[in-house]
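Engineer: just to be clear, the model below is a prediction. Sequence and coordinates:
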Amino acid sequence: MMRRHVIEELTDWSTMRARFRWDIPHQFNIAKTCCDDWADSAPDKIAIRHISHDGTERAVSYARLAADSDALAAGLARLGVGFGDRVAILLPQCPEVMVAHFASYKLGAIALPLFVLFGPDALAYRLADSGAKTLITDAENAAKIARIRADLPALETIITLEETPGALAWSTLTATPTDGFHPARTSAEDPACLIYTSGTTGTPKGVVHAHRFLIGHLPAIECHHEGFGLPGDTGWTPADWAWIGGLMDLAMPCLYYGVPLISHRMRKFDPDQAWNLIARTGATNLFLPPTALKMMAGSTVPAGVNIRAIGSGGESLGPALLGWGKQELNAHINELYGQTECNLVVSSCAAVGAERPGAMGRAVPGTTLAVIDAHGHELPPGRIGEIAVARGHPAMFLRYWNKPAETEKKFQGNWMRTGDLGHMDAQGFVSFHARDDDVITTSGYRVGPAEIEHCLCADPDIALAAVIGVPDATRTESIKAFVVLKPGAAWPGTEARLIARIRRNLSPHMAPRSIERRDHLPMTATGKIMRRALRDETPK
């Protein structure tokens, strides 16, 4: 089976946009199209190649992926998991992540991917807010959950890959034959996935996506990979599959198009290890966050690397990095743009001349994009405003989980507001200028300050806290915190203790690089901390 491309031919951008039409079937299930259809037509075809830490490789066919997800789905059904229930997945990159996703989809349940570097506070919030009924994890991460289990009354069952005290072993759950199991019939509009934002303007919000959101990603995938699913294509990304970038910018599209997906978890990103993995596996199509690209550009490219295309998003890469890709790799680095609520709506495609230094790209075929003012009116070319996406895009979210007021605020008229400021030129190239909120882009992650501030203020010595991003040549931005101590609290040793607290309770990628003590913080008349004032007074 060869998967039909949604763009008939990569040609000039205007022609592609004029010819493109969405084809969204009424009945649609991600597990069927990314797993079972391939298992029926090409059962021995390799879906995932997992490289373990000791270097051993495990190849998983589509037939194996289908059988394992059937077995897990049947086991989850016996536990009472059904349509609309949330199944949390707390695992590093490994084939079992995709098995868990597909098992959830086959039940009509909602997959909830969680980042393995999250600490107990971050996990507790997301599990409690979502009301997850079941959690699939490993022994290492089950230990984190044990510390917060008493605060999660909705969490009925923890399933672990290994035999773990207090948990149900995966092997035990999936041992029963699946005779009589039939996947649920879902519509394209039924909820499939719940992915939390980074909490840019408050606590993180759960973004509910329908099964159709896979289809919504495909035009951009074909553009920035300059065709996808070509003979010899192999995909890899260091981005965790718990984030929409890792999951939907590469991992799930690989399985949809029948492109072997490399699975490997780096405990810490290392550019030399990344190059060695690419050389060993023959990876040709990559999704690399900008920080990873910058680090890899400063490392030696081994012989035998044969990269065909790279997608990268998060911020503009600049002509030097784009030129390095062409000169050193003989490959285009195509930029892309989107957010958790509506991903991959802008892309460049150097192969057809749709590339401009300093711009993220153009609205992909099937996407209606505009730059709007505060009243929701479209601005003329060159004017800076808020980037907005027209309602009805298949990749657009259904709603925020249990936050109807927040959902309503996200839209203005026909537009979904992104909160990002930019401009569009007369040819439709979109350039990013700034964030309309306080999100921090650090090492490829979008981090919201509120969650970090809450964690800092939970320390008994801290009265107030504010978090901003400061320019960093390697990370794009570094996280910097400001704190006001409570009366009588001592400062010596506090900075290191607070940084360790964030690393432990939230995640290492959310830990400030530095924390500055202040006697007071700038505030508005209504008592809101003015992060912008802190940014303005911080040396660049």
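Structural biologist: All right, it came through fine. Residues are numbered from 1 along each chain as shown.
Engineer: how many residues are close by Gln327?
Structural biologist: 8 (other CB atoms under 10 Å). (Each C-beta comes from the backbone N, C-alpha and C, glycine too.)
Engineer: so it, which state does it fall into?
Structural biologist: helix (DSSP: H, G, I helix; E, B strand; the rest coil).
Engineer: domains in the chain, by residue range?
Structural biologist: Domain segmentation of the chain under automatic domain parsing yields 29-211, 440-537.
Engineer: out of these, deepest packed?
Structural biologist: Mean neighbour count, computed with mean count of other CB atoms under 10 Å, is highest for domain 29-211 among these, reaching a mean of 20.
Engineer: could you pull out the helices in the stretch 251-400 of the chain for me?
Structural biologist: Assigned by DSSP state H, counting those that start in this stretch, the helices in the stretch 251-400 of the chain fall at 252-257, 271-281, 290-297, 319-324.
Engineer: got CSV for those, with distance to Thr164, mean pLDDT and mean neighbour count too?
Structural biologist: What follows is the helices of the stretch 251-400 of the chain, written out as CSV (distance: least, CB to CB, whole Å; pLDDT from 0 to 100; neighbours: other CB atoms under 10 Å):
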stretch, distance to Thr164, mean pLDDT, mean neighbour count
helix 252-257, 28, 98, 24
helix 271-281, 29, 96, 16
helix 290-297, 32, 86, 21
helix 319-324, 44, 87, 15
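Engineer: take the domains of the chain and lay them out in TSV including distance to Phe228.
Structural biologist: Shown next, in TSV, are these (distance: least, CB to CB, whole Å):
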stretch	distance to Phe228
domain 29-211	13
domain 440-537	21
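Engineer: out of these, which gets the lowest mean score?
Structural biologist: With a mean of 90, domain 440-537 has the lowest mean pLDDT of the domains of the chain.
Engineer: nearest to Tyr400, of the domains of the chain?
Structural biologist: Tyr400 lies closest, by CB to CB, to one member of the domains of the chain: domain 29-211, at 4.7 Å.
Engineer: re the thing from before, select, out of the domains of the chain, the one closest to Ala405.
Structural biologist: Nearest to Ala405, of all the domains of the chain, is domain 29-211, at 11.1 Å by CB to CB.
Engineer: chain center to that closest one: distance?
Structural biologist: The chain centroid and the centroid of domain 29-211 are separated by 16 Å, computed with CA atoms, centre = their mean, to the nearest Å.
Engineer: need the distance between the two termini of that domain.
Structural biologist: Domain 29-211 has an end-to-end distance of 6 Å (criterion: CA to CA, to the nearest Å).
Engineer: for Ile384, which of the domains of the chain is the nearest?
Structural biologist: Across these, closest to Ile384 is domain 440-537 (CB to CB), at 16.6 Å.
Engineer: what sits against the residue lying closest to Leu161 once chain neighbours are set aside?
Structural biologist: The shortest distance from Leu161 to any non-neighbouring residue, by CB to CB, 6 or more residues apart in numbering, is to Asp138 (4.8 Å). Listed by CB atoms under 8 Å, 6 or more residues apart in numbering, the contact set of Asp138 reads 90-92, 160-162.
Engineer: switch to 10 Å and redo it
Structural biologist: By CB atoms under 10 Å, 6 or more residues apart in numbering, the residues touching Asp138 are 90-92, 94, 96, 116, 159-162, 164, 167, 170.
Engineer: quick check, Arg149 in contact with Gly166.
Structural biologist: Yes: the pair Arg149 and Gly166 qualifies as a contact (CB atoms under 10 Å) at a distance of 8.1 Å.
Engineer: surely Val87 is in a helix?
Structural biologist: No: remark: Val87 does not belong to a helix; assigned using three-state DSSP, it is strand.
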